[in-house]
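[1] Provided below for reference: sequence and predicted model.
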Amino acid sequence: MTAPSTEHILAIEDAAATSRIPIWKRLLKDPQAVVTAGILVIIFLLGILTPFLTQHGPNDADLSMVNAPVGTPGYLLGADETGRDIWTRLLHSINTAAISAIIGAGVALVVGVIAGLIGGYFGAVTRASTEWIFNLVMTFPGILLLIILMPVTGGDYRFTMLIFGVLLSPGIYRIVRNLVVGVKNELFVDAARVSGLGNLRILRRHVLFVVRGPIIIAAAFMAGSAIAVQSGLAFLGVGSLEIPSFGAMIASGFRNLYIAPTQFLWPSLLLGVITASLVLLGNALRDTLEGSKPTPVKVGIGQKVAPGNDVKARDASALLEVTDLGIAYRGPSGQPREVVRGVSLSVARGEVVGVVGESGSGKTQTAFATLGVLPAEAIITRGSILFDGKELVGLTDARMRPLRGKEIAYIPQEPMSNLDPSYRVGSQLVEGVRSALGVSKKEAKERVLALLERCGINDPHRTFDSYPHQISGGMAQRVLIAGAVASRPRLLIADEPTTALDVTVQAEILDLLRDLQSELDMAMLLVTHNFGVVADICDRIVVMQNGAVVEEGPAIEIFQNPQDEYTRMLLGAILDESAVRADPPAAALAEGVLQ
Ligand SMILES: Nc1ncnc2c1ncn2[C@@H]1O[C@H](COP(=O)(O)OP(=O)(O)OP(=O)(O)O)[C@@H](O)[C@H]1O
């Protein structure tokens, strides 16, 4: 798997650090946001306080006051062509605009966000269906449709805005869907899934959190559009004449433009100030919120089984029994190409098995298939994966979830990328423990603190309250190990758990894994390219090359008497590589293998 560059990680951490400051505090530092939000608050407060600011009704007409000038007693801004108080109608128009904005933007947000989350997060079929529906909605001629639907809405602007909200929703749908497609492949989302969290929880906590910024920005722009469209329709005379609105007032003022030009001025001015403030506030929000979104790193989820895959029942005595596993991806020609070719391996209860092979040999794919987190485009072409006698191939995500994170835990290669930069370390661990064990928040916290201490973290409370960017890579790996073993899993899959760490930390992490493994009597599948690592803790070794197993046997035998040329080559590489481990592999030394 490709590791993100240092710049990339730093950029994510910078963005994450900025996002620690609450949005409102960041907005308070932006004069544009403060001024526009202030103007909007004052205007909408005037609307709310309407009953206290005027003694007239919005449609009260006094024929003796027709076109009364500004400053006429009881008519602060004058009266219109039918003798209605302009100040009163302006105040009521503010409320009409506010209700239009709330309904229009609200409906667009609810429909667009829900559909975007579903369309972006779930598989290709769901995405294609939601895509089709929203493409269809986009083909509707918006304003024309609202006019044509007048008989249906009965001229009620609230119904009109409801339909307008649906017409606006494809914009939100696209924003959310694209963001979700990006973020759902983040390693921390993968890690949340592997720790056993359900889709709804992942969507709510990790995905919605990332997409909230663009949604807030879009909401500001859409509120402006809803107000502008409602006013436009009212200007054209579409809708009830009883409803005071900026559009209707502008139309009336327009007719009297040469007699009383101020009648046109007031509603136009207020409408202009409101829509401009919303747009400028949207811009300020974008400037403030942009950059707090981590850049996606590609790794996926899901599991597809090729039709006709003959899943055979096998010997269930081992805890994990992988038999003749095949995993393929379609190439540019559409033909599936197997990247894992008939892999068989087993892990007994309490046993530690190392899967060794160079990059691209199919180790991670085999591990991901066991965890049920292969990318959606992966196809399991053949074979079986039995865990404690239960077939995992073809299992739905819902049925896999109780196993993942609880019975089968996972430690990743990139500890940092597997922690969500937006949340404190402790809350991420507590979330996983609660989901796996169903314990109370307090109990989960106590457990996590004890585990952090057990995993060699000196000040567990401090680490618990830290954000991922505030801890080191080694500490992050200890944190993930603590999270992984919290549920006392029966199988721990560790994918290159030390590769991203420096040499001394590598040795400490291996020691910790070895201790935890024997304390908890866990079986362990250790994926690595490094024979030095397997020599240290593995009972048995499986050597993989080009998606297939080339050799398998007890660790000592493989070290003493490697049969395959490729195994000999890998072993030769660690004997040359003096920097691989600070201390010599213990198991091998004990047997006098690496002297
Ligand atoms: N989404 C994908 N689409 C197509 N091919 C893929 C995909 N993911 C992995 N592969 C291919 O599968 C093969 C095995 O990958 P895998 O990640 O299992 O290798 P690995 O032995 O774990 O190596 P590494 O340690 O570098 O990840 C590689 O050739 C890789 O290119």
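    Alright, I've got the coordinates. All figures in this text were calculated on a predicted structure; none of them were measured in a lab.
[2] C-alpha only now, for contacts and for neighbours.
    Noted.
[3] Need the residue closest to the centroid of the chain.
    Central residue check for the chain by CA atoms, centre = their mean: the C-alpha nearest the mean position is that of Val207, 2.2 Å away.
[4] So which bits of the stretch 301-450 of the chain are right by the ligand?
    329, 339, 358-365, 375 (CA under 6 Å from any ligand atom).
[5] What is the helix or strand encompassing Arg127 packed up against?
    Counting by DSSP states H and E, the element that carries Arg127 is helix 124-139. Other helices and strands packing on helix 124-139, by 3 or more CA pairs under 8 Å, 6 or more residues apart in numbering; DSSP states H and E, are helix 86-121, helix 157-183.
[6] about what we covered before: OK, contacts around the residue nearest to the centre of the chain?
    Under the criterion of CA atoms under 8 Å, 6 or more residues apart in numbering, the neighbours of Val207 are 180, 183-184, 189.
[7] residue boundaries of the strands in the stretch 401-550 of the chain?
    Counting by DSSP state E, counting those that start in this stretch, the stretch 401-550 of the chain has strands at residues 408-411, 491-495, 523-528, 540-545, 548-554.
[8] Can you give the distance from the fourth one to the centre of its chain?
    Going back to what we said before, that points to strand 540-545. Here the centre of mass of C-alpha atoms in strand 540-545, compared against the chain's by CA atoms, centre = their mean, to the nearest Å, lies 35 Å away.
[9] The residue nearest to Pro244 when sequence neighbours are not counted: neighbour count?
    Nearest residue to Pro244, sequence neighbours excluded (CA to CA, 6 or more residues apart in numbering): Ser93, at 5.2 Å. Close neighbours of Ser93, defined as other CA atoms under 10 Å, add up to 25.
[10] now Ser93: how far from Phe246?
    For Ser93, the distance to Phe246 under the criterion CA to CA, to the nearest Å works out to 6 Å.
[11] Check Gly372 too.
    Counting by CA to CA, the gap from Gly372 to Phe246 is 57 Å.
[12] Those two: which has the busier surroundings?
    Each of Gly372 and Phe246 has its neighbours counted (other CA under 10 Å); Phe246 has more, 31 against 25.
[13] Could you verify my assumption that Val211 touches Asn178?
    No - because the distance of 9.5 Å does not satisfy CA atoms under 8 Å, Val211 is recorded as not touching Asn178.
[14] who has more neighbours, the two?
    The residue with the greater number of neighbours, taking Val211 and Asn178 and applying other CA under 10 Å, is Val211; the counts read 20 against 17.
[15] part of a helix, is that one?
    Yes - counting by DSSP: H, G, I helix; E, B strand; the rest coil, one finds Val211 located in a helix.
[16] so who does it touch?
    Residues near Val211 by CA under 8 Å, 6+ apart: 176, 179-180.
[17] before we move on, what about Ile114?
    Ile114 touches Tyr173, counting by CA under 8 Å, 6+ apart.
[18] mind checking how far it is from Ile216?
    For Ile114 relative to Ile216 (CA to CA), the value is 15 Å.
[19] Ala228 now?
    Remark: distance between Ala228 and Ile216 (CA to CA) = 19 Å.
[20] higher neighbour count, those two?
    Between Ala228 and Ile216, counting by other CA under 10 Å, Ala228 is the more crowded of the two (21 against 16).
[21] and the helix or strand where the more buried one lies, how far from the chain's centre?
    Taking DSSP H and E as the definition, Ala228 sits inside helix 208-235. Taking CA atoms, centre = their mean, the mean C-alpha location of helix 208-235 is offset from the chain mean by 23 Å.
[22] how close does the nearest residue in space to Val34 that is not next to it in sequence get to the ligand?
    By the measure of CA to CA, 6+ apart, the closest residue to Val34 outside its immediate chain neighbours is Leu28, 6.0 Å from it. Applying CA to the nearest ligand atom, to the nearest Å, one obtains 44 Å for the distance of Leu28 from the ligand.
[23] Now the helices and strands packed on helix 124-139 in TSV, please, with extra columns for mean pLDDT and distance to the ligand.
    Listed next are these as TSV, based on pLDDT from 0 to 100; distance: least, CA to the nearest ligand atom, whole Å:
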stretch	mean pLDDT	distance to the ligand
helix 86-121	91	16
helix 157-183	86	14
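[24] Can I get stretch 519-537 in CSV, CA atoms only?
    Output in CSV follows, covering the C-alpha atoms of stretch 519-537 (Å, rounded to 0.1, in the frame of the first residue of the first chain):
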residue,chain,number,x,y,z
GLU,A,519,-1.2,-12.9,28.1
LEU,A,520,-4.4,-13.0,26.2
ASP,A,521,-3.7,-16.3,24.5
MET,A,522,-4.6,-14.7,21.1
ALA,A,523,-3.9,-16.2,17.8
MET,A,524,-2.0,-13.7,15.6
LEU,A,525,-1.6,-13.3,11.9
LEU,A,526,1.4,-11.1,11.3
VAL,A,527,1.7,-9.6,7.9
THR,A,528,5.2,-8.4,7.0
HIS,A,529,7.9,-8.2,4.4
ASN,A,530,10.6,-8.5,7.0
PHE,A,531,11.9,-11.9,8.1
GLY,A,532,13.5,-10.2,11.1
VAL,A,533,10.1,-9.4,12.5
VAL,A,534,8.7,-12.9,12.0
ALA,A,535,11.7,-14.5,13.5
ASP,A,536,11.0,-12.6,16.7
ILE,A,537,7.6,-13.8,17.5
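[25] Is that stretch in proximity to the ligand?
    No - in terms of CA under 6 Å from any ligand atom, no part of stretch 519-537 sits within range of the ligand; the closest distance is 6.8 Å.
[26] got the buried residues for that stretch?
    521-537 (16 or more other CA atoms under 10 Å).
[27] which SS state does the closest residue to Leu403 other than its chain neighbours fall under?
    On the basis of CA to CA, 6+ apart, the spatially nearest residue to Leu403 that is not a chain neighbour turns out to be Gly196, at 7.5 Å. Under the three-state scheme (three-state DSSP), the conformation of Gly196 reads as coil.
[28] Go ahead and confirm Gly196 touches Glu407.
    No - taking CA under 8 Å as the contact criterion, Gly196 and Glu407 are not neighbours in contact, 9.6 Å apart.
[29] For those two, indicate the residue with more neighbours.
    More crowded of Gly196 and Glu407, by other CA under 10 Å: Gly196, with 25 against 21.
[30] about what we covered before: what about the residue nearest to Val34, neighbour count?
    The local packing count at Leu28 equals 14, with neighbours defined by other CA under 10 Å.
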